[in-house]
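[1] dropping a prediction and its sequence here:
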Amino acid sequence: MAMLSVVRYTPPSWARAAFRTVPSERVRLTSACAERPTPVFPMRNLPGLPEGVELFVKRDDYTGVELSGNKVRKLEFIFADALKMGADCVVTCGGAQSNHARATAIAARMLGLEPFLVLRLEEPHVSEATAEAIAADPPLVGNLLVDRLAGAQLRFVTKSEYSKHGSESLIQGLCNELQSQGRRPFAVPVGGSSGLGCWGYLEAVAEMRKQDVDESLGITDVAFACGSGGTAAGLALGNHLSGWGVGVHAYSVCDSPEYFHDFIDKVALPEMSLRPEAGVPPSRQLLRVENVKNLGYAVASDEELRFYALVARSTGLVLDPCYTGKAFYRLYRELQSCPEKFKGRRVLYVHTGGMLGTFHAASTGQFHAALPPNESVRYSSIPARL
């Protein structure tokens, strides 16, 4: 399938009757070199797994390089709508190192649209003068570097401003400003987590079920990091409607479980126009949400960081300290602490991306404790005869 083409979308058969309306198009954002379906690999070399537990990883970080991760699946539906509405620019919101904001900026440029990003500074108690200084010369690292390379129009806000106004208000405020200038903005919710964006992971369930059958995986549980709720809503709803019947485990890196259950029940599912006769129960019956924020959003403990290094050295899987690392760490600890609960289980962990955030974490010194100087890093002089 050609990259950047708007293609007709046909929902899985088990989903069509459950909704009053379904999306008819999506934009194919990834190229042929980005693997779709994304592959599933066994985690055979990870030390410390209890006997009788099988762990697999679905590599949704293989959806590209500059795009990369779970946001691509959501944006394929969202950008199809933006193009249909005749937008000439898009507006979204996120943290300064937001994977979603970066993916939105790149996708917008790929489609000839101008990206506007409202980014939240992560430093607490930032003065207005400090915020202005950061905005005048933001650091060129991680996702923010890609935002700058893409020429995204950046608007920084402090944590207190973000908490006071909320992402929806900030996005809409900038959209109103752009409309007053004659522009045609399209609002993209934080994380791409709207009813429309949730279709990305509802569709992903069909992909996973096919892999489960074709590769004889016997999956019993699906686990993943949860940051804005769209991936959780799509996977939980798709699992229910399709009859797949696996356990769904969302590990929240920011807000409380109550927040995400409310988002799914009061925002995501109503926006998807579910028919009452579909019989979808409250989200607490569809998935388990556990908070793994620990020291704070995008802040990993030394123990967590050492675990990320262990995983990379034993399996080659790189985790980021904001999303995938925290979720995978908690899953691993659960498997270890409750071996009898998970005996005979075959767990699929969805790697949702985040590599660029790892570079930012390294630039702030987060990895120093996990990667101390050792004998594997040294200077080696080159013999003169070479």
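    Received it, and whenever you're ready, just let me know what you need.
[2] check contacts around the residue lying closest to residue 19 once chain neighbours are set aside.
    Among residues not flanking residue 19 along the chain, residue 273 sits closest, at 5.4 Å (CB to CB, 6 or more residues apart in numbering). Just so you know, the C-beta spots here come from the backbone N, C-alpha and C atoms, and that holds for glycine as well. When the contact criterion is CB atoms under 8 Å, 6 or more residues apart in numbering, the partners of residue 273 are 19-21, 195.
[3] try 10 Å
    Taking CB atoms under 10 Å, 6 or more residues apart in numbering as the contact definition, residue 273 lies against 18-22, 195.
[4] among these, which one sits closest to residue 165?
    Distances from the contacts of residue 273 to residue 165 were compared by CB to CB; the smallest belongs to residue 195, at 22.6 Å.
[5] now for residue 352, how many residues are close by?
    Residue crowding around residue 352 was assessed by other CB atoms under 10 Å; the count is 26.
[6] isn't it right up against residue 327?
    Yes. Residue 352 lies in contact with residue 327 (CB atoms under 10 Å); the separation is 8.4 Å.
[7] now the chain, which segments are flagged as low pLDDT?
    The model of the chain has pLDDT under 70 over residues 1-3, 31-35, 375, 383-386.
[8] what ranges does it have for its strands?
    6-8, 25-27, 40-42, 54-59, 89-95, 114-120, 153-157, 185-187, 221-226, 247-252, 288-291, 346-351 (DSSP state E).
[9] residues in contact with residue 354?
    Residues counted as contacts of residue 354 (CB under 10 Å, 6+ apart) are 61, 68-70, 97, 99, 142-143, 225, 227, 318-325, 361.
[10] got the phi/psi numbers for the residue nearest to it when sequence neighbours are not counted?
    Distance criterion CB to CB, 6+ apart; nearest residue to residue 354, sequence neighbours excluded, is residue 320 at 3.4 Å. Comment: the main-chain dihedrals of residue 320 come out as phi -100, psi 150, following degrees, to the nearest 10.
[11] now do the contacts for residue 320.
    With contacts taken as CB under 10 Å, 6+ apart, residue 320 has the following neighbours: 61, 69, 97, 99, 142, 225, 298, 300, 308, 326, 328, 351-361.
[12] number of nearby residues for the nearest residue to residue 235 once chain neighbours are set aside?
    What sits nearest to residue 235 in space, not counting adjacent residues and going by CB to CB, 6+ apart, is residue 201, at 5.0 Å. Counted with other CB under 10 Å, residues neighbouring residue 201 total 26.
[13] hang on, isn't residue 201 packed against residue 250?
    No. Under the criterion of CB under 10 Å, residue 201 is not in contact with residue 250, lying 11.2 Å apart.
[14] between the two, which contacts overlap?
    Counting by CB under 10 Å, 6+ apart, the contacts common to residue 201 and residue 250 are 224, 231-233, 235-236.
[15] which two in those residues are spaced the farthest apart?
    The two members of the shared contacts of residue 201 and residue 250 with the most space between them (CB to CB) are 224 and 233, at 11.8 Å.
[16] the more surrounded of those two?
    Here residue 224 and residue 233 are set side by side on neighbour count (other CB under 10 Å), and the busier one is residue 233, at 32 against 26.
[17] ok, that one - contacts?
    Residues in contact with residue 233, defined by CB under 10 Å, 6+ apart, are 193-195, 197-199, 201-202, 226, 250, 260, 263-265, 267-269, 271-272, 283, 286-287.
[18] buried subset of those?
    Buried members of the contacts of residue 233, scored by 16 or more other CB atoms under 10 Å, are 193-195, 197-199, 201-202, 226, 250, 260, 263-265, 267-269, 271-272, 283, 286-287.
[19] give me the subset of those residues lying in helices.
    195, 197-199, 201-202, 260, 263, 269, 271 (DSSP state H).
[20] ok, back up a step: pull up the overlap in contacts between residue 224 and residue 233.
    Taking CB under 10 Å, 6+ apart as the contact rule, residue 224 and residue 233 both touch 201, 250.
[21] can you redo the ones in helices among the buried ones among the contacts of residue 233 as JSON lines with distance to residue 163?
    Putting those into JSON lines (distance: CB to CB, whole Å) gives the following:
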{"residue": "195", "distance to residue 163": "25"}
{"residue": "197", "distance to residue 163": "23"}
{"residue": "198", "distance to residue 163": "25"}
{"residue": "199", "distance to residue 163": "30"}
{"residue": "201", "distance to residue 163": "27"}
{"residue": "202", "distance to residue 163": "31"}
{"residue": "260", "distance to residue 163": "18"}
{"residue": "263", "distance to residue 163": "17"}
{"residue": "269", "distance to residue 163": "26"}
{"residue": "271", "distance to residue 163": "24"}
